[in-house]
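>>> Okay, here's the prediction I keep looking at, along with the sequence it came from:
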Amino acid sequence: MPSSKSNNIALNNTLPSTQNLQSDVFTWQFFHEQAVQLLHATAQILPTLLLGIILLALSYLIAGPLSRLLIKPIDYMTDSKLVHLVVRRSISTLIILFGVYLFLRLAGLTEFAVAIMSGTGLIGLILGFAFRDIAENFIASLLLSIQRPFKIDDVIEVDNRLGIVKKVTARATTLVDYDGNHIQIPNATVYKNTIKNLTANPKMRGKVEIGIGYDNDIRSAQTLALDIANQQNAVLSDPPSQVLIKNLGSSTINFVLYFWVNSEQHSPLKVASQLMRELVNEFTKQDISMPDDARERIILADPSENVSSLEEKQPSKVQSEKSETVDQTKTLDDVSSDTDEIREQAEQSRDPEQGKNII
C-alpha cells in the first residue's frame, strides 16, 4: 500500500510538466503548419498573381498609345481639342480599370472586383447629381467646341450681353464688352440662349431717324437724304441705302434712313452720328423745316400791346463759331470701328479665368 501511494504521487507530479510540453508542442506545430500552408498557397497563386501584376502594368502602359490610336477616326468628325481630350482620357481610364479588374480576378478577389466596378458606377451617379451644374457646363462646352457657333475675337450677343469673345474654357465664356468690362457667362447659359454673331457677316445695317415738316416735298427730302448717305465713304453701295417713311407725327413726317457699313472697318454708331449731322446741316441749307412736336401757346396779354417786348425776351439764336482743332476734327469725323481697339485691350488685360481655350 505505501508503495502504490508513492507511485500515484510521483505520477501526479509529472502530469503538469507533460501537459505543458504538449501545449508548447501544439502551439509551435500550429504556427508551423499555418506557415507551410501559407507558403504552399502563395506558391500556387504566385504565378497567377504575377500575371495579374503584369497585365495591370501593361494596361497602364498601353492606355495612352492605344487611346491615341482609337481616337484617330474622331479627327475626321471634329477638330475640337476638348472632344479629343475627353475621349482619349475616357478610353485610357477604361483600359486601366479593365487591367485592375483582371488583376483582382486573377488574385482571387472576384467579388471585390465586381464590388469595385459597381461602386465606380454608383460613385459616378452620385457625383453627377452633386455637381449637376458643373456637369451641365462641361457638356455645353463639349457641344460648343463641336458646333462652334463663334470663334475667338468674334463679336457676339448672348443673354442681352454684347462683347468680343476673349476666352472659352470648360466652364464659362469670357466676353469683353465695349466698355472694357470682362463678362463671364456659364457655357450652359451660352448654349441654351440665342447667340447673335455680329462677325459672321461683317456687313451691318444702321439707321437714322429724322422728321420734316408737312410743308416740305417728301420725295425731294428722301432724295437728298440718299445723296448724303451715298457720299459717305463708310456707307456701302451694296446693299444700297434706303429712305422709308416711318409714320406721320403731330407736326412732322418721320422717315428712317437705312444704310450698310462694314462693321470690321467702321462703327455703325459713329456713321449714324455723322449722317445725322450732315442731314441737319444740309436740310437747314435747303430750307427744309424740321419742327418739333406741336405746342399750343396762349397769350394772356393785351393784343394791342407791343409784340416787340415779347421778342426782346426771346434769347437770340446766334450760333457761336468756334475754331476746331485738328484733333477735334479727326474725332468728329472718325467713323472707324472700335472692335480692334477692344480686342487690343482684351489682349493686354489680366486674364480673369485660368484654363485653355477649347475652340
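Alright, I've got the coordinates.
>>> Looking at the record's assignment, how would you partition the chain?
Using automatic domain parsing, the domain parsing of the chain gives 32-130, 149-200+334-359, 202-289.
>>> Leu142: which of the ones you listed is closest?
Ranking these by their distance to Leu142 (criterion: C-beta to C-beta) puts domain 32-130 first, at 6.1 Å. C-beta coordinates here come from the backbone N, C-alpha and C atoms, glycine included.
>>> sorry, back to before: which one of the domains of the chain lies closest to Ala140?
Across the domains of the chain, closest to Ala140 is domain 149-200+334-359 (C-beta to C-beta), at 4.0 Å.
>>> show me where pLDDT drops low in the stretch 101-250 of the chain?
The model of the stretch 101-250 of the chain has pLDDT under 70 over residues 109-125, 127-131.
>>> What ranges does it have for its strands?
155-158, 161-168, 172-176, 182-186, 195-197, 203-213, 242-248 (DSSP state E, counting those that start in this stretch).
>>> Which strands or helices does the longest one pack on?
Here strand 203-213 is seen to pack against helix 218-230, strand 252-262, helix 268-285 when contacts are counted using 3 or more C-beta pairs under 8 Å, 6 or more residues apart in numbering; DSSP states H and E.
>>> Most tightly packed of these?
strand 252-262 (a mean of 19; mean count of other C-beta atoms under 10 Å).
>>> Just give the strands next to that strand in its sheet, each with its orientation.
strand 203-213 (antiparallel), strand 242-248 (antiparallel) (DSSP bridges).
>>> In this structure Ser92 contacts Ile62, no?
No: with contact defined as C-beta atoms under 8 Å, Ser92 does not reach Ile62; the gap is 9.5 Å.
>>> Neighbour count for the two, which is higher?
Ser92 (20 against 15; other C-beta atoms under 10 Å).
>>> Please name the residues that touch that one.
63-64, 66-67 (C-beta atoms under 8 Å, 6 or more residues apart in numbering).
>>> what helix or strand is it on?
Secondary structure from DSSP states H and E places Ser92 in helix 81-106.
>>> do Leu51 as well
Using DSSP H and E, Leu51 falls in helix 2-70.
>>> tell me the most buried of the strands of the stretch 101-250 of the chain?
strand 172-176 (a mean of 24).
>>> Now tell me what touches it from outside.
With contacts defined as C-beta under 8 Å, 6+ apart, strand 172-176 is touched by 137, 144, 156, 158, 161-168, 182-187, 190, 342-343, 345-346, 349, 352-353.
>>> Now do that strand against strand 182-186, angle only.
150 degrees (axes from the mean of the first three to the mean of the last three C-alpha atoms, to 10 degrees).
>>> so what strands line up beside strand 172-176?
strand 161-168 (antiparallel), strand 182-186 (antiparallel).
>>> Grab the CA positions of that strand and hand them over as CSV.
Taking C-alpha atoms only, strand 172-176 is exported to CSV below (Å, rounded to 0.1, in the frame of the first residue of the first chain):
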residue,chain,number,x,y,z
ALA,A,172,-17.5,79.7,-69.0
THR,A,173,-17.2,82.0,-72.0
THR,A,174,-15.5,85.3,-71.3
LEU,A,175,-16.6,88.4,-73.2
VAL,A,176,-15.1,91.9,-73.2
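>>> ok so, going back, among the helices and strands packed on strand 203-213, which comes closest to Gly52?
Nearest of the helices and strands packed on strand 203-213 (C-beta to C-beta): strand 252-262, 67.2 Å.
>>> roughly how far apart are Pro239 and Val261?
11 Å (C-beta to C-beta, to the nearest Å).
>>> Mind listing the shared neighbours of the two?
Lys203.
>>> Ser59 against Tyr101, yeah?
No: here Ser59 does not reach Tyr101: they are 9.5 Å apart, not a contact under C-beta under 8 Å.
>>> on that earlier part again, quick one: buried residues of the helix holding Ser92?
82-84, 86-88, 91-92, 95, 99-106 (16 or more other C-beta atoms under 10 Å).
>>> just stretch 54-66 next, same as before
Along stretch 54-66, these residues count as buried under the neighbour rule (16+ other C-beta under 10 Å): 55-56, 59, 63.
>>> Could you work out which of the helices and strands packed on strand 203-213 reaches nearest to Tyr76?
Proximity to Tyr76 (C-beta to C-beta) singles out strand 252-262 among these, at 35.6 Å.
>>> Dump the C-alpha coordinates for that closest one into CSV.
Written as CSV, here are the backbone C-alpha positions of strand 252-262 (Å, rounded to 0.1, in the frame of the first residue of the first chain):
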residue,chain,number,x,y,z
THR,A,252,-43.6,116.1,-88.7
ILE,A,253,-43.4,113.4,-91.3
ASN,A,254,-40.9,110.9,-89.8
PHE,A,255,-38.7,108.8,-92.0
VAL,A,256,-35.8,106.4,-91.5
LEU,A,257,-32.6,106.3,-93.4
TYR,A,258,-31.2,102.8,-93.5
PHE,A,259,-27.5,102.3,-94.5
TRP,A,260,-25.0,99.4,-94.5
VAL,A,261,-21.4,99.5,-93.3
ASN,A,262,-18.5,97.1,-92.9
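>>> got the angle for it vs helix 218-230?
Using the same axes, to 10 degrees: strand 252-262 against helix 218-230 is 20 degrees.
>>> Enumerate every residue touching Asp177.
Residues in contact with Asp177 (C-beta under 8 Å, 6+ apart) are 161-164, 183, 342.
>>> Could you rerun that using 6 Å?
By C-beta atoms under 6 Å, 6 or more residues apart in numbering, Asp177 lies in contact with Gly163.
>>> ok, now how distant is it from Gln222?
Per C-beta to C-beta, Asp177 is found 36 Å from Gln222.
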